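Trainee: Sequence first, then the predicted structure, then my questions.
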Amino acid sequence: MKLILLGAPGAGKGTVAKMLTAIDGSVQISTGDILRGAVQAGTELGKEAEAYMKRGDLVPDSLIMGIMEKRLQEPDCEKGFLLDGFPRTIPQAEALKKLLHKLNIKLDMAVDIDVPRDVILDRLCTRRTCNNSDCQAIYNVKSNPPKQEGICDKCGSPVIQREDETEEAISHRLETYNEKTAPLLGFYEKEGFMKSVSGTSSDAVVEAISSELGL
Ligand code: ADP
Ligand code: ZN
């Protein structure tokens with residue numbers, strides 16, 4: 001499948017994407033994961049992105065398009081991909097449209113995961129992430145804690161609260177979402193392949209998506 005996953009921070013894009021990869025071998029492409037990996041590795045890209053990310057601001061479109069242009073041409077994308085956290089702005093969506101045209105790739109749909117704001121806020125404050133940039137497994141202190149406190153079940157690395165998951169950065173990320181990313185719903189509506197799924201359970205969201213795709 002070739003999907004764009006839209007939705008506010010904390011809507012469950014990452015969790016849903018990971019579940020969908022298990023269905024048909026499509027790959028999850030998370031710009032957030034790629035950027036956090038670059039920050040940890042101390043690459044040029046990471047150095048450029050770090051300050052924006054810490055504040056909960058968006059990284060400049062040009063940096064993101066550079067990442068995506070390369071990533072979408074890697075061979076593992078042939079089986080399908082789930083774009084998680086990209087596009088985030090109208091200019092990114094316009095640039096993606098051109099890029100896909102150039103690469104002769106057709107998307108199946110854009111899915112908006114619609115979750116009530118109070119659920120989102122609660123989730124983001126209790127979310128924890130594996131610190132290993134190759135893993136980045138997602139936990140929740142209330143609903144899905146690691147088996148051993150603070151240690152990733154999958155790889156044994158420390159499980160931490162992200163630096164942009166302080167209350168202040170969270171509310172800034174939600175504002176940025178409303179201002180810059182929410183307009184993408186109208187964009188893909190016009191393109192004719194927008195599908196909205198509301199649901200607080202990631203299982204239900206995955207089921208709705210697979211049935212929509214006839215899987
Ligand atoms: P969430 O969806 O939980 O907010 P992500 O992991 O998708 O978090 O992104 C974390 C941060 O990485 C964002 O706050 C932003 O600074 C940066 N980022 C990720 N994807 C993009 C993008 N497509 N455009 C601009 N900035 C991005
Ligand atoms: Zn891990």
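Mentor: On my side now, so go ahead. Numbers count the residues shown, from 1 in each chain. Ligands and ions are numbered 1, 2, ... in the order given.
Trainee: switch to C-alpha atoms for all contacts and neighbour counts from now on
Mentor: Fine.
Trainee: which parts of the lengthiest helix in the chain are buried?
Mentor: Criterion DSSP state H: the longest helix present in the chain is helix 90-103. Within helix 90-103, the residues that count as buried by 16 or more other Cα atoms under 10 Å are 90, 92-93, 95-96, 99.
Trainee: now swap in stretch 63-77 and tell me
Mentor: Counting neighbours by 16+ other Cα under 10 Å, stretch 63-77 gives 64-65, 68, 72, 77 as buried.
Trainee: of those, closest to ligand 1?
Mentor: Ligand 1 has its nearest neighbour among the buried residues of stretch 63-77 in residue 64, at 5.8 Å by Cα to the nearest ligand atom.
Trainee: mind checking the SS state of the closest one?
Mentor: Assigned state for residue 64: helix (three-state reduction, DSSP: H, G, I helix; E, B strand; the rest coil).
Trainee: Tell me what the residue at the greatest distance from the centre of the chain is bridged to.
Mentor: Centroid-distance maximum for the chain: residue 148 at 26.0 Å, with Cα atoms, centre = their mean. Residue 148 has these beta-bridge partners by DSSP bridges: residue 151.
Trainee: separation between it and residue 117?
Mentor: Distance, residue 148 to residue 117, by Cα to Cα, to the nearest Å: 30 Å.
Trainee: Then residue 66?
Mentor: Noted for residue 66: a distance of 32 Å to residue 117, by Cα to Cα.
Trainee: Mind pulling up the pLDDT for residue 55?
Mentor: Looking at residue 55, its pLDDT reads 86.
Trainee: May I have the residues that are in contact with it?
Mentor: By Cα atoms under 8 Å, 6 or more residues apart in numbering, the contact list for residue 55 reads 164, 169, 172.
Trainee: Nearest to ligand 2, out of these: which one, please.
Mentor: For the contacts of residue 55, the minimum distance to ligand 2 (Cα to the ion) is 18.7 Å, reached by residue 164.
Trainee: Please name the residues that touch that closest one.
Mentor: Residue 164 touches 53-56, 170, counting by Cα under 8 Å, 6+ apart.
Trainee: make it 6 Å
Mentor: Taking Cα atoms under 6 Å, 6 or more residues apart in numbering as the contact definition, residue 164 lies against 54, 56.
Trainee: re earlier: redo the contacts of residue 55 as a markdown table? Include pLDDT and distance to ligand 2.
Mentor: Formatted as a markdown table, those follow (pLDDT from 0 to 100; distance: Cα to the ion, whole Å):
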| residue | pLDDT | distance to ligand 2 |
| --- | --- | --- |
| 164 | 87 | 19 |
| 169 | 87 | 24 |
| 172 | 90 | 27 |
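Trainee: which one of the buried residues of helix 90-103 is nearest ligand 1?
Mentor: Closest to ligand 1, out of all of the buried residues of helix 90-103 and judged by Cα to the nearest ligand atom, is residue 92, at 7.4 Å.
Trainee: Model confidence score at the nearest residue to that closest one once chain neighbours are set aside, please.
Mentor: For residue 92, ignoring the flanking residues on the chain, the nearest one in space by Cα to Cα, 6 or more residues apart in numbering is residue 61 at 6.2 Å. Note on residue 61: pLDDT of 97.
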